[in-house]
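>>> this one's structure only:
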């Protein structure tokens, strides 16, 4: 009963927040001299095309990993704001490793992914180590490590990991990963259902994302580690008294979070770019924080959030062609986030009161 | 506290009010306040005479705090009327209350530590000349309001003792022109000497015509200071009595609405085998410059309850943390059931048979947002029936929790309910029950009955007694002297991190014990 109530509250409040954000963005569109209904209409029309939907999923997959990395920290009250740096350094090193080796197909991909996870884990492990050894707050250290990651990444790429450019090629990049180190697209599967995504290749990483979501749920809710993680987040004092070593938990959580962050760049790397270049997508780590908040750190909620953000991202592409600034998508995302956070805070109070009432009511019935 | 009356004879306290004809300063009529699922105040009546110290007593959760928040405009009553000096008022914010001459001194101080006494006092009510703050005028007015003049207005608040900080709070309220002062559990944070200090100031204020409402559940103090006492139980006013004609026991029975259970144990069950042994145990503070516990030696035998008496903040919390392996041991050693446990982690200590009822139920015992079964699991998450290897066995955990609920009469609709929805007494019964069902060798029980109702208190006492007769060793830390004397086989007194006396609970009264606790006789 309470579970259903929670679910209803969560869905309704998110939906209201999204509607509110659409309304605010409509006002902004109108003020800037565009017809909001027309803009939304075009976004919708373009957005429901099969290729757009596939593209939305492709855009959602990295955000989903990024959100899970952040959410794992949130579950124990840690704010890993460094997912951005973790995935960028991870994807660079993984691309270089993948481009340098030749292995049979499944192994090649696994080595690339494992490398990315290890690099992400080490990078975020720095922040964890600094917290337990020196008391440096993880927000400070991980955000600083983002800058370090950018710098170190640029240095590594420019000096050690780049491929020699041919004449006239100005893009700095790592060597291309051989086909054995790529994830196949899922277009074949779509075609089985009679859908044709055209030039868009639905990333194979989407399958990994679904598996990771299930794994995330199991880790949090079914394992001892997950229990200790949630206990530490909900009451550090009680957790400590219960024999959960806070330092060990901080380090372990940061390391696992970083490993998940390492997978953020894999969708684009293994499904599209097949190498690291200087125009590899950025900001996925920061957007992941928003998706984690939107999805309330829940694997299904975050999947919804990631798909929503991915879809907006794709659907607004059409606006540019119609002369409407597509930056409206950032306003949309921002307002959704703000209204969702407010809505959740309001709802949480209601839920708590309702839960108390249910208990009081049940006990009263029992007595009479 | 329990020794207050030794210092000042009760008779002296009432002299000031005898024969004084006073008007009613503040009057509450039929005040009702409901919260979801609970009526916090149910038609409460309260009349406070001008220039009285009026105590409001009641158990935790009886509705005292709600009532005071209503008086201070922080909550709006659903029904009822508030009259100040005969005039009906409606207050919707603390500002209204301040304007009506009511001031509140909160239990937790609201002071800016990095500012001076003077700055804190005038904060938000700065006397100005032009755009500048008129500090000279402020100082003059503070000197007027606090006649003792013992507070140096230029000292930083962070340098003050707890008692002095409280005085700053009172001065702050008076500075704003309050004629009616509400003090919410003002002695909870004070040591006995500071309590006497506070009482002296309160009497002085009363003699100057200030009306004081004093909220407490410490009955000895209330009898000492109050001119009139109103007792609240379960949201209702049950009595308004004259302290001269009543005793702590009568008051306590009014508060709980029943004859008090006594925690007395019947016969000794102590066996020779030593279960927990500490030898020369010492631990330094985090910054390393002082001992938080020092040179502690004690033994708990099979079937023995060792009571630790002491004023809070004398090392009780640190002792528990050292025994649980959360705080480092710098000298000495601990043996549990003959084995040295110094190198064991907290979880291993628990698995080796160390049970724990933490002092701060909400901060250190429970996951309020989690269901009962996860709370029952906490501290036992590594072993059956709660876990299988690295996985949580939620069915096993639920079953075990249902056993706890059954055996310890936890009133709940089920084990999947979030524990914040339960009453404090039921939360505590779960905490105690889950430890007991894990059959520990030694139980560290800190304030096991603090803030819970009498029924739950009796249940907790009973379960400790039963386990003791089955051979459990218990370290009992409590502020309730009757509980300590009633449950313990041996009593030790903790003072400034040391065990300073060993007493026979059969031979000592609470008053004598109180004297030991302050070091007066120790």
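Looks like it came in fine. Bear in mind the structure is a predicted one, so any value in this text is a computation, not a measurement. Numbers count the residues shown, from 1 in each chain, chains lettered A, B, ... in the order given.

>>> Nearest residue to the residue in the stretch 101-250 of chain A positioned nearest to chain B in space, ignoring adjacent ones along the chain?
Going by CB to the nearest CB, chain B is nearest to residue A:243 of the stretch 101-250 of chain A, at 2.9 Å. For every residue, glycine as well, the C-beta is placed using N, CA and C. Spatial nearest neighbour of residue A:243, chain neighbours left out: residue B:347 (2.9 Å); criterion: CB to CB, 6 or more residues apart in numbering or on different chains.

>>> Just confirm the one you found contacts residue A:240, I think it does.
No. Between residue B:347 and residue A:240 there is no contact under CB atoms under 8 Å: 10.5 Å.

>>> next one: stretch A:87-107 to chain centre, how far?
Centre-to-centre, stretch A:87-107 and its host chain are 21 Å apart (CA atoms, centre = their mean, to the nearest Å).

>>> Only the buried residues of that stretch, if you could.
Within stretch A:87-107, the residues that qualify as buried are A:87-99, A:101, counting by 16 or more other CB atoms under 10 Å in any protein chain shown.

>>> residues in contact with residue 316?
If you meant another chain, say so; for now it's chain A. Contacts for residue A:316 (CB atoms under 8 Å, 6 or more residues apart in numbering or on different chains) come out as A:43, A:326, A:328, A:329, A:332.

>>> my bad, the chain I had in mind was chain B
Residue B:316 makes contacts with B:308, B:310, B:359, B:446, B:477, B:494, as judged by CB under 8 Å, 6+ apart.

>>> List phi and psi for the third one.
Backbone torsions for residue B:359, taken as degrees, to the nearest 10, come to phi -70, psi -40.

>>> pLDDT at the nearest residue to it once chain neighbours are set aside, what is it?
Of all residues not flanking residue B:359 in the chain, residue B:446 sits nearest, at 3.6 Å (CB to CB, 6+ apart). With respect to pLDDT, residue B:446 has a value of 92.

>>> Equivalent analysis for the one 10 residues further on, please.
Model confidence at residue B:456, given as pLDDT, is 81.

>>> and the longest helix seen in chain A, what other elements does it pack with?
Among the segments of chain A that qualify as a helix by DSSP state H, the longest is helix A:328-367. Judged by 3 or more CB pairs under 8 Å, 6 or more residues apart in numbering or on different chains; DSSP states H and E, the packing partners of helix A:328-367 are helix A:2-31, helix A:284-294, helix A:299-315.

>>> Next secondary structure after the longest one?
When you say that, I think you mean helix A:2-31. Toward the C-terminus, helix A:2-31 is succeeded by helix A:36-47 as the next helix or strand (DSSP states H and E).

>>> and the nearest residue to residue A:60 once chain neighbours are set aside, what does it touch?
Nearest-residue entry for residue A:60: residue A:310, 3.3 Å, with adjacent residues in sequence omitted and distances by CB to CB, 6+ apart. Contacts for residue A:310 were tallied using CB under 8 Å, 6+ apart; they are A:55, A:56, A:57, A:58, A:59, A:60, A:61, A:63.

>>> centroid residue for chain B?
With distances taken as CA atoms, centre = their mean, residue B:188 lies nearest the centre of chain B, 6.0 Å away.

>>> any idea how far the closest residue to it other than its chain neighbours lies from residue B:216?
The spatially closest residue to residue B:188, leaving aside those adjacent along the chain, is residue B:107, at 6.1 Å (CB to CB, 6+ apart). Distance of residue B:107 to residue B:216, computed by CB to CB, to the nearest Å: 10 Å.

>>> Need the residues touching each of these two.
Jointly contacting residue B:107 and residue B:216 under the rule CB under 8 Å, 6+ apart are B:185, B:186.

>>> Name the SS class of residue B:397, please.
Under the three-state scheme (DSSP: H, G, I helix; E, B strand; the rest coil), residue B:397 adopts helix.

>>> In terms of pLDDT, where does it sit?
At residue B:397, the predicted lDDT confidence score is 94.

>>> picking up where we left off before, any idea which of the contacts of residue A:316 has the most stuff around it?
The residue in the contacts of residue A:316 with the most neighbours, by other CB atoms under 10 Å in any protein chain shown, is residue A:43 (25 neighbours).

>>> if I look at the residue of the stretch 151-300 of chain B found nearest chain A, how far off is residue B:326?
The nearest approach of the stretch 151-300 of chain B to chain A comes at residue B:286, 11.3 Å away (CB to the nearest CB). Going from residue B:286 to residue B:326 by CB to CB gives 12 Å.

>>> neighbour count winner among these two?
Neighbour tally, residue B:286 and residue B:326, criterion other CB under 10 Å: the higher count belongs to residue B:326, 19 against 8.

>>> Which residues are in contact with the more buried one?
So residue B:326 contacts A:240, A:241, B:346 (CB under 8 Å, 6+ apart).

>>> what does residue A:175 give?
Contact analysis of residue A:175 by CB under 8 Å, 6+ apart lists A:96, A:99, A:100, A:163, A:275.

>>> change it to 7 Å
Applying CB atoms under 7 Å, 6 or more residues apart in numbering or on different chains to residue A:175 gives the contacts A:99, A:100, A:163, A:275.

>>> related to what we said a few turns ago, would you list the phi and psi of the residue of the stretch 151-300 of chain B closest to chain A?
Dihedral angles (degrees, to the nearest 10) for residue B:286: phi -60, psi -40.

>>> repeat for residue B:495
Residue B:495 adopts backbone torsions of phi -150, psi 120, taken as degrees, to the nearest 10.

>>> Report the beta-bridge partner residues of it.
Beta-bridge pairing of residue B:495, defined through DSSP bridges, involves residue B:498.

>>> Would you mind measuring from it to chain A?
25 Å (CB to the nearest CB, to the nearest Å).

>>> Could you check how far that residue is from residue B:119?
36 Å.

>>> Also residue B:452?
Residue B:452 is 41 Å from residue B:119, by CB to CB.
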